[in-house]
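Peer 1: coords please:
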Amino acid sequence: MIDPDRAGGPDLSLPNPARVYDYMLGGAHNFDADRAFAERLLEALPGARDAAVANRAFLGRAVRACLDRGCRQFLDLGSGIPTAEPLHEIVRRHDPAARVAYVDSEPVAVAMSREILDGVDGVTISAADLTDADAVLAAPDVADLFDPTVPTAVLAVSVLHFVRDDAVLTRLLDRYCDAFGPGGLLVLSHGSTDVDDERAAEEMRTIERFTQESAQPAAARDRATLRRLLHRVDLLEPGLVDVSRWRPEPGHEPGRVVGMYAAVGEIVH
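Peer 2: As a prediction, the model looks like this:
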């Protein structure tokens with residue numbers, strides 16, 4: 001369990017999405033406010049943990065797809081805390097030489113990531129805000145880690161709904177696509193109430209309302225908006241679908257719809 005006295009001075013009275021997510025996945029890198037928020041959400045919405053688990057499972061399948069297409073570098077925006085089947089462990093099982101740059105602006109997430117990643121070669125954590133793309137790309141642990149000739153996957157998994165201005169988000173995605181395409185890949189998952197399952201839509205509306213009490217309020221987006229945001233990528237099959245429906249494991253039935261869209265696409269221009 002984290003010692004709050006070592007957290008570096010952030011305000012721990014408000015729950016933080018990275019730490020709530022960590023708690024939902026069974027991690028120990030969270031505080032009382034995060035656990036209380038998560039338990040209140042689970043009381044109101046018992047299926048909320050399903051969304052976190054489905055999102056993490058999508059991450060694993062998406063990363064394997066990126067590796068299959070030649071990506072050996074991964075930029076994880078708004079990465080949170082790398083516990084409970086983290087990106088670098090997924091990647092390193094397939095290629096021990098692959099490189100991973102985590103980026104987060106939340107002080108506890110960064111401090112705990114540094115502890116977890118201490119001594120892990122080729123995996124870094126940078127304290128930077130994903131909404132300042134130039135700062136992210138110039139961070140030494142990003143710029144010095146990546147080889148510009150190697151295909152890179154940019155991951156924005158369950159994080160872009162915290163960037164609530166569509167115009168700002170469009171510019172951000174364009175900037176990251178400029179930096180890593182063509183040839184790189186973009187991996188995205190995003191909460192939405194515009195799904196073909198009313199239970200999932202209502203659950204996502206509930207989650208969205210709950211986040212208004214957190215340090216980072218979220219805003220769901222509909223399918224049409226997400227497609228516009230993805231104008232710089234050529235989507236891999238099966239396109240823009242619920243995370244549970246994005247290339248489910250062979251021989252396994254897809255999980256239930258959880259109200260979070262997923263997409264993986266090649267940056268084409």
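Peer 1: what is the mean pLDDT for stretch 176-190?
Peer 2: What stretch 176-190 shows for mean pLDDT is 94.
Peer 1: and the residue most central in space within the chain, how far is that from Phe74?
Peer 2: Geometric centre of the chain, nearest residue: Val157, 2.4 Å, by CA atoms, centre = their mean. For Val157, the distance to Phe74 equals 11 Å [CB to CB, to the nearest Å]. Where you see a C-beta, it was placed from the backbone N, CA and C, and this is true even at glycine.
Peer 1: residue contacts, the residue nearest to the centre of the chain?
Peer 2: Taking CB atoms under 8 Å, 6 or more residues apart in numbering, we find Val157 in contact with Asn55, Phe58, Leu59, Ala62, Asp76, Gly78, Val187, Leu188, Ser189.
Peer 1: give me that answer again for 6 Å
Peer 2: Shown in contact with Val157 (CB atoms under 6 Å, 6 or more residues apart in numbering): Leu59, Ser189.
Peer 1: I'd like the distance between it and Ala33.
Peer 2: As judged by CB to CB, Val157 and Ala33 stand 23 Å apart.
Peer 1: Surely Met260 touches Ser189?
Peer 2: Yes - applying CB atoms under 6 Å, one finds Met260 in contact with Ser189, separated by 5.4 Å.
Peer 1: joint contacts of these two?
Peer 2: Overlap of the contact sets of Met260 and Ser189 (by CB under 6 Å, 6+ apart) consists of Asn55, Val243.
Peer 1: Show the pLDDT at the closest residue to Phe146 other than its chain neighbours.
Peer 2: Spatial nearest neighbour of Phe146, chain neighbours left out: Gln73 (5.1 Å); criterion: CB to CB, 6 or more residues apart in numbering. In this model, Gln73 is scored at 98, pLDDT.
Peer 1: where do the helices sit along the stretch 151-269 of the chain?
Peer 2: Using DSSP state H, counting those that start in this stretch, the helices of the stretch 151-269 of the chain run over 166-180, 198-211, 223-229.
Peer 1: Also the stretch 1-150 of the chain?
Peer 2: With helices called from DSSP H, counting those that start in this stretch, the stretch 1-150 of the chain shows them at 17-24, 32-44, 48-68, 87-94, 107-117, 133-138, 140-143.
Peer 1: Where among these is average confidence lowest?
Peer 2: Looking at the helices of the stretch 1-150 of the chain, the lowest mean pLDDT belongs to helix 17-24 (a mean of 83).
Peer 1: now that helix, how far from the chain's geometric center?
Peer 2: Averaging C-alpha positions (CA atoms, centre = their mean, to the nearest Å) puts helix 17-24 12 Å from its chain's average.
Peer 1: orientation of it relative to helix 48-68 in degrees?
Peer 2: Angle of helix 17-24 versus helix 48-68, following axes from the mean of the first three to the mean of the last three CA atoms, to 10 degrees, is 100 degrees.
Peer 1: Quick one: neighbours of Asp134, just the number.
Peer 2: Neighbours of Asp134 under the rule other CB atoms under 10 Å: 10.
Peer 1: State the distance from the nearest residue to it once chain neighbours are set aside to Ala138.
Peer 2: Counting by CB to CB, 6+ apart, Arg175 is the residue found nearest to Asp134 once chain neighbours are left out, at 7.4 Å. Separation of Arg175 from Ala138 (CB to CB): 12 Å.
Peer 1: Same drill for those two, tell me which one is more crowded.
Peer 2: Legend: neighbour count by other CB under 10 Å for Arg175 and Ala138, higher for Arg175 (15 against 12).
Peer 1: so that one makes contact with Ala133?
Peer 2: Yes - Arg175 lies in contact with Ala133 (CB under 6 Å); the separation is 4.0 Å.
Peer 1: still on that earlier bit, tell me which of the helices of the stretch 1-150 of the chain sits nearest to Gly239.
Peer 2: Gly239 sits nearest to helix 48-68 of all the helices of the stretch 1-150 of the chain, at 13.1 Å, using CB to CB.
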